[in-house]
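Student: got a predicted structure here, sequence first:
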Amino acid sequence: MANFLSFDSREAMVAAITADTRTRLEAALGKSGEARWAVSGGSTPAPLFAAMADADMAWQNVKVALVDERWVEADHARSNTAFLRRTLLTGKAVDAAFTPMKVPGDDPFAAASQVDATYKALDPFDVVLLGMGPDGHTASLFPSAEGLEAAMQPDDAATVRAIRANRSDVTGDEVLRLTLTLGALTRAGAVQLMITGDDKKAVYDAATDPASNLPIGRVARALGDRLSVYWAA
Ligand SMILES: O=C(O)[C@H](O)[C@@H](O)[C@H](O)[C@H](O)COP(=O)(O)O
């Protein structure tokens, strides 16, 4: 079962996940001279990224990658690459080596093997930061999306796969995505899920019921105690 860490305030949650992330990245740097960190977009991680951007670390040896990306250019308002450049890859962390997921082309399904080959060089990640949507998606593992089952195999050798979400699940957002696979999450040193609010806690609690088929529940069950959930109201 995942470790569920509940905090009295969002500030305390951010302090704790910042400390855990730093400890794990520093341990990897000490052990192998480099650290590999895969991060989510979404709004929730912004305060963690602000704290990390200020951290004194050997950023030039930290490899930052994405958990998922919309199939959009880096200047698009919903690009996770753009979000990271604004929030994390600034300040002291500007020296980190960042690997985007988006490559040229119209079709993420056609490009997935190219991105997978690039991301395979970063797999296994030392730390993976996940978020969760109100529909129980995590990364770009959306309920009943095209490509979901291929990406949901715990022993998948692929690191990255393409996803086409149902239009009704991403109203006003992009359907075409790339995502880390459950295989990549399973191989990671540690996986953190950062969520806030009572509504998301209720979704997470319901998803972890063995009868639930929601992606976040399937991921939590597959990862067991290698997943730590950081939550504050
Ligand atoms: O947006 C993304 O990059 C991810 O696809 C997604 O999995 C995200 O982490 C959740 O939707 C939570 O988003 P919020 O943090 O904005 O609630």
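Tutor: Received, thanks.
Student: where's Ala58 relative to Gly30, distance?
Tutor: Noted for Ala58: a distance of 10 Å to Gly30, by Cβ to Cβ, to the nearest Å. Where C-beta positions appear, they are placed from N, C-alpha and C, glycine not excepted.
Student: what residues does the longest helix belonging to the chain touch?
Tutor: Counting residues, the longest helix found in the chain (DSSP state H) is helix 10-32. Helix 10-32 has contacts (Cβ atoms under 8 Å, 6 or more residues apart in numbering) with 5, 7, 34-37, 47-48, 51-52, 55, 57-58, 61-62, 126-127, 129, 189-190, 192, 194, 196, 228, 230-232.
Student: near the ligand, which residues of this structure?
Tutor: Within the chain, the residues that sit near the ligand (Cβ under 6 Å from any ligand atom) are 40-44, 68, 80, 131-133, 137-140.
Student: which of those residues fall in helices?
Tutor: Asn80.
Student: would TSV of the residues of the chain next to the ligand with neighbour count and pLDDT be doable?
Tutor: Below are the residues of the chain next to the ligand laid out as TSV (neighbours: other Cβ atoms under 10 Å; pLDDT from 0 to 100):
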residue	neighbour count	pLDDT
Ser40	24	98
Gly41	23	96
Gly42	18	93
Ser43	10	95
Thr44	22	97
Asp68	25	98
Asn80	25	98
Gly131	23	98
Met132	25	98
Gly133	20	96
His137	26	97
Thr138	29	98
Ala139	29	98
Ser140	35	98
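Student: Leu223: which of the residues of the chain next to the ligand is nearest?
Tutor: Distance to Leu223, by Cβ to Cβ, is smallest for Thr138 among these, at 10.7 Å.
Student: is the closest one bridged to anything, and to what?
Tutor: On the basis of DSSP bridges, Thr138 is bridged to Met132, Leu141.
Student: please give me every residue in contact with it.
Tutor: By Cβ under 8 Å, 6+ apart, the contact set of Thr138 is Leu130, Gly131, Met132, Leu193, Pro215, Ile216, Val219.
Student: out of those, which are inside strands?
Tutor: With strands taken from DSSP state E, the overlap with the contacts of Thr138 comprises Leu130, Leu193.
Student: ok, of the residues of the chain next to the ligand, which one's closest to Ala206?
Tutor: Checking these against Ala206 by Cβ to Cβ gives Met132 as the nearest, at 11.8 Å.
Student: would you confirm that that closest one contacts Val203?
Tutor: Yes - at 7.0 Å, Met132 and Val203 qualify as touching, with contact defined as Cβ atoms under 8 Å.
Student: each with direction, which strands does the strand or helix carrying Trp37 pair with?
Tutor: Assigned by DSSP states H and E, Trp37 belongs to strand 35-39. The pairing partners recorded for strand 35-39 under DSSP bridges are strand 62-66 (parallel), strand 127-130 (parallel).
Student: quick one, which of Ala58 and Gly30 is more surrounded?
Tutor: Ala58 (15 against 10; other Cβ atoms under 10 Å).
Student: show me where this structure has helices.
Tutor: Counting by DSSP H, the helices of the chain are 10-32, 46-53, 80-87, 108-120, 148-151, 182-187, 198-207, 215-223.
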